[in-house]
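J.: prediction below, plus the sequence it came from.
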Amino acid sequence: MKALKRAVLAPGANVRNTEIDGTVFSEVQQRGRRLVIWMSGVSMINAAMSTQLAIDHFHPDAILFSGIAGGLDPSFQPGDVVIPERWIHQAEAAWLNRDPERSGSYVIPEYFRPRYPNFGNIFPDDVWVVRKGDTTPHRVHAFAMDPNLFDAARVTAPKVSIRRPDGSKANVVIGGIGMSGPIFLDDRSFRDFAFQKWHARIHEMEGTAIAQVGYSNRVPILIVRGLSDLAGGQRGVNQEERNTQLAASNAAEVTAEIVEQIESAQ
């Protein structure tokens, strides 16, 4: 939050704080636009709840999220910033028993039709969603980011200069798939599987929940993530805690540039 406010708000900005059900929303008028900044809370349910609170009470034109993540793509390093185009659920899945009569197979429930590669006995599935203006739920595999916000990110990415923990130039990567689940991922085997089979490039604990709430409410969403760790791809102990401040700052810097790009285009 400190990194985001430092990057986005003008010096001396007059901030008004409003507490709703325990979440503090900071409002400010800036360059003819109202900005509202709040903490999502950790993990999927908290993120979904706070996003819905913001939509219900402040009716935003769009929501940009800034935070940290673990990298699944082997080309990524801590400090890089990634802005996926689509987001999928990690834990929307069926966990199945082994089939005692067929080695390497699993007992598939009658209702279930596997659509995607499985990780052992974990078979990912789509989520059922109902949207504003509709009454019938439908399957969604991946939630797309708003194309206009995504275009603003494409324009902005080459302009931002940020650094990795070792001082080298960090990359800002636009596109691909992000994955979210209520799990801190520090498992090399699942990391490799998620990248190779599900084509996910980063993993974190809030993004898909926010994307789903935005989709359901028809509110444009864009999610910006600075990499704090490699989600189990490192040697030894995960360095997430050591890299969090830099990763958060990098994500906030990119988010601030995107906000400026949106404002200058209007």
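T.: That came in fine, so what should we check first? Every value quoted in this text rests on a predicted model; they were computed, and no experiment measured them.

J.: other SSEs contacting the host helix or strand of A48?
T.: A48 belongs to helix 44-58 when assigned by DSSP states H and E. Here helix 44-58 touches strand 23-30, strand 33-38, strand 63-71, helix 207-217, going by 3 or more C-beta pairs under 8 Å, 6 or more residues apart in numbering; DSSP states H and E. The C-beta positions use only the backbone N, C-alpha and C, and glycine is treated the same way.

J.: so what secondary structure elements neighbour the shortest one?
T.: Okay, so that is strand 33-38. helix 2-8, strand 23-30, helix 44-58.

J.: what does the longest one rub up against?
T.: What that stands for is helix 44-58. 20-21, 23, 25, 27, 36, 38-41, 60, 63, 180-182, 205-210, 212-214, 217, 219 (C-beta atoms under 8 Å, 6 or more residues apart in numbering).

J.: next, the angle strand 33-38 makes with that helix.
T.: Going by axes from the mean of the first three to the mean of the last three C-alpha atoms, to 10 degrees, helix 44-58 is angled at 150 degrees with respect to strand 33-38.

J.: buried set for helix 44-58?
T.: For helix 44-58, burial by neighbour count (16 or more other C-beta atoms under 10 Å) applies to 44, 46-55.

J.: over to the shortest one?
T.: By neighbour count, and taking 16+ other C-beta under 10 Å as the criterion, the buried residues in helix 2-8 are 3-5, 7-8.

J.: okay, the nearest residue to R34 once chain neighbours are set aside: pLDDT?
T.: Leaving aside its sequence neighbours, R34 sits nearest to E27 (C-beta to C-beta, 6 or more residues apart in numbering; 6.4 Å). Here, the pLDDT recorded for E27 equals 97.

J.: give the contact list for E27.
T.: The contact partners of E27, by C-beta under 8 Å, 6+ apart, come to 15-18, 34-36, 58.

J.: wait, E204 sits on S66?
T.: No - counting by C-beta atoms under 8 Å, E204 sits too far from S66 to count as a contact (11.7 Å).

J.: okay, how far is it across stretch 154-167, tip to tip?
T.: One end of stretch 154-167 to the other measures 24 Å (C-alpha to C-alpha, to the nearest Å).

J.: report the rounded mean pLDDT for that stretch.
T.: So the average pLDDT for stretch 154-167 ends up being 93.

J.: contacting residues for the residue sitting nearest the centre point of the chain?
T.: Computing the C-alpha centroid of the chain and ranking residues by C-alpha atoms, centre = their mean puts G207 first, at 2.8 Å. Residues in contact with G207 (C-beta under 8 Å, 6+ apart) are 47, 65, 67, 69, 84, 87, 178, 180, 223, 225.

J.: ok, now how distant is N46 from S180?
T.: 12 Å (C-beta to C-beta, to the nearest Å).
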